[in-house]
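A.B. asks: got a predicted structure here, sequence first:
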Amino acid sequence: MADIVALTKELLGEAIILVDKIFPPEYEEEPAKDEIAASLFPEKYEKYFNKTGIRPSLKYWVAISKGKVVGIVGLYNYVFDLADITWLGWYLVSPKARKHGTGTSLLLFAIEEAKRQGKKRLMVYTTDDPEELYSHHFYRKHGFREIGQNPWGPNPELTEFYFELDLMKAQAE
Ligand SMILES: CC(C)(COP(=O)(O)OP(=O)(O)OC[C@H]1O[C@@H](n2cnc3c(N)ncnc32)[C@H](O)[C@@H]1OP(=O)(O)O)[C@@H](O)C(=O)NCCC(=O)NCCS
């Protein structure tokens, strides 16, 4: 069973390698590494925050199994967000570590953390890239509902799907 710990600077490199493998930077609006590193060193990422509208209060956690980073999840907010919502950021489990409950543990951890922060809705976006299709089932299984779709900016052949979880109804499993 994986342990979930707050991201540290010692784990940052390993976490970024894992995220870049699943979400290659050339296919993303913003490379994952900037957001993840910005969570540890907000003072160095002022330009990034100004460009993306992401608030410097973002935070990341990783799942560790046998001493290795096997998953990641974050919570972040945009400056224009309503006060009661938060976003799930760069959430994934390494392909070899999937189907052992780690994804569920990371998601439930983020849900509890969002509730602890006083949030009422947890938002996430994903696409219909084959790598991400399973997450649509996974989010629905965990109580999220789809609230909208858009053409995906970096590749308009793909669609971006927005999901929302009502944290007032979400129960710990
Ligand atoms: C979505 C994702 C994080 C889930 O991670 P995961 O670690 O496989 O999640 P879990 O192991 O908790 O659950 C996955 C499935 O394995 C099953 N499972 C969990 N433990 C199991 C076990 N010991 N034996 C057999 N099955 C198991 C779960 O019941 C679930 O099954 P279901 O598909 O029938 O609902 C992972 O698929 C992923 O990284 N996807 C690519 C990136 C992505 O799409 N991210 C989200 C979009 S932004």
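C.D. replies: Perfect, thanks for sending it. Numbering: from 1, shown residues only.

A.B. asks: okay, now the unreliable bits of this protein?
C.D. replies: 171-173 (pLDDT under 70).

A.B. asks: the helices in this structure, which residues?
C.D. replies: All helices of the chain, identified by DSSP state H, fall at 9-22, 32-40, 46-52, 102-116, 130-141.

A.B. asks: same for the third one, what does it pack against?
C.D. replies: The contact analysis (3 or more C-beta pairs under 8 Å, 6 or more residues apart in numbering; DSSP states H and E) places helix 46-52 against helix 32-40. Using the backbone N, CA and C atoms, a C-beta is placed for each residue, glycine as well.

A.B. asks: could you tell me the angle between the helix it packs on and helix 9-22?
C.D. replies: Inter-element angle recorded for helix 32-40 and helix 9-22: 160 degrees (by axes from the mean of the first three to the mean of the last three C-alpha atoms, to 10 degrees).

A.B. asks: what is the burial count for the residue in the chain that the ligand sits nearest to?
C.D. replies: The minimum distance from the chain to the ligand, using C-beta to the nearest ligand atom, falls at G103 (2.2 Å). Applying other C-beta atoms under 10 Å, we find 22 residues neighbouring G103.

A.B. asks: state the distance from it to Y134.
C.D. replies: Going from G103 to Y134 by C-beta to C-beta, to the nearest Å gives 10 Å.

A.B. asks: residues contacting the nearest residue to the residue of the chain closest to the ligand once chain neighbours are set aside?
C.D. replies: Leaving out its chain neighbours, the residue that sits closest to G103 by C-beta to C-beta, 6 or more residues apart in numbering is V93, at 4.7 Å. By C-beta atoms under 8 Å, 6 or more residues apart in numbering, the contact set of V93 is A63, V70, G71, T102, G103, L106.

A.B. asks: next one: D128
C.D. replies: D128 is in contact with H136, L158, T159, F161, counting by C-beta under 8 Å, 6+ apart.

A.B. asks: how far away is it from H136?
C.D. replies: D128 sits 8 Å away from H136, going by C-beta to C-beta.

A.B. asks: give the residues shared as contacts by these two.
C.D. replies: Contacts common to D128 and H136, judged by C-beta under 8 Å, 6+ apart, are F161.
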